[in-house]
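Engineer: when you get a sec, could you give me coordinates for this:
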Amino acid sequence: MRATAKASLVAIAAFACLLAWGYWHAATHASISLRVEDYGLQTDRQLFGTPHGVTLAFFGTGNELLASARSIEPAGYILAIHPDPSIGDCSKYQNSQQEYAACYEVHSAWASGWASRVRSATVTVGGCALGNLPVNVYSSNADWWLWWVPLPHVGGTPRRYFEHVVKVNTKSCTAVSQ
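Structural biologist: Model (predicted):
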């Protein structure tokens with residue numbers, strides 16, 4: 001009877017430790033999605049488009065520079081750039097799964113330190129440069145406890161998710177109200 005109780009206690013403690021580790025990892029690592037919605041690219045089928053040749057600088061409440069980002073061409077998706085040039089946006093490691101994973105681990109730990117503090121941005125698209133634009137920051141950390149589920153579309157290492165959205169009109173080179 002005592003052996004069963006000890007084994008149960010060990011199993012419960014191990015499970016609690018795994019959940020605690022998952023929560024800690026989700027709190028100290030972030031996955032970031034950066035998006036610029038360009039209402040100057042509006043068509044009869046879409047409200048806004050995705051501009052190319054984008055550079056961004058993100059600022060906190062005290063107008064301190066938190067991070068910079070740029071679009072990766074020709075695809076046009078936007079990636080934050082780590083201040084250490086050997087890390088950057090990790091795109092140079094895309095041909096090596098192991099090197100990319102190591103780079104992304106460092107990049108995501110760095111991102112968790114600033115992503116929630118973003119309040120404004122400077123955006124440059126082509127010849128249009130706009131400063132002090134409001135940034136919509138969406139955050140989610142609700143699924144951290146699912147990290148251990150052995151399903152490819154559910155599991156994986158837990159990270160807090162952030163989405164940063166900036167709205168502009170490059171046709172008139174103006175900000176779009178949130």
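Engineer: which elements pack onto the helix ranked longest in the chain?
Structural biologist: Determined from DSSP state H, the single longest helix within the chain is helix 2-28. Where contact means 3 or more CB pairs under 8 Å, 6 or more residues apart in numbering; DSSP states H and E, helix 2-28 is packed against helix 97-114. The way it works is simple: take the backbone N, C-alpha and C, and place the C-beta from them, glycine included.
Engineer: downstream neighbour of the helix it packs on in the secondary structure list?
Structural biologist: strand 120-125 (DSSP states H and E).
Engineer: direction included, what does that next one pair up with?
Structural biologist: Applying DSSP bridges to the sheet, strand 120-125 is found paired with strand 54-59 (antiparallel), strand 128-134 (antiparallel).
Engineer: just name the most buried of the ones you listed.
Structural biologist: With neighbours defined as mean count of other CB atoms under 10 Å, the strands paired with strand 120-125 peak in mean count at strand 54-59, which reaches a mean of 20.
Engineer: low-confidence ranges, the protein, go.
Structural biologist: The chain contains residues with pLDDT under 70 at 142-156, 178.
Engineer: what do you get if the cut-off is 90, keeping everything else the same?
Structural biologist: 1-31, 73-77, 85-86, 91-92, 94-97, 101, 126, 139-161, 177-178 (pLDDT under 90).
Engineer: and the residue nearest the centre of it?
Structural biologist: I32 (0.6 Å; CA atoms, centre = their mean).
Engineer: which residues touch that residue?
Structural biologist: Residues near I32 by CB atoms under 8 Å, 6 or more residues apart in numbering: A80, A111, A115, Y161, F162, E163, H164.
Engineer: of all these, which comes closest to A57?
Structural biologist: A80 (10.7 Å; CB to CB).
Engineer: in the helix or strand following the longest helix of the chain, what's buried?
Structural biologist: Counting by DSSP H and E, the next helix or strand C-terminal to helix 2-28 is strand 30-38. For strand 30-38, the neighbour count (16 or more other CB atoms under 10 Å) marks A30, S31, I32, L34, V36, E37, D38 as buried.
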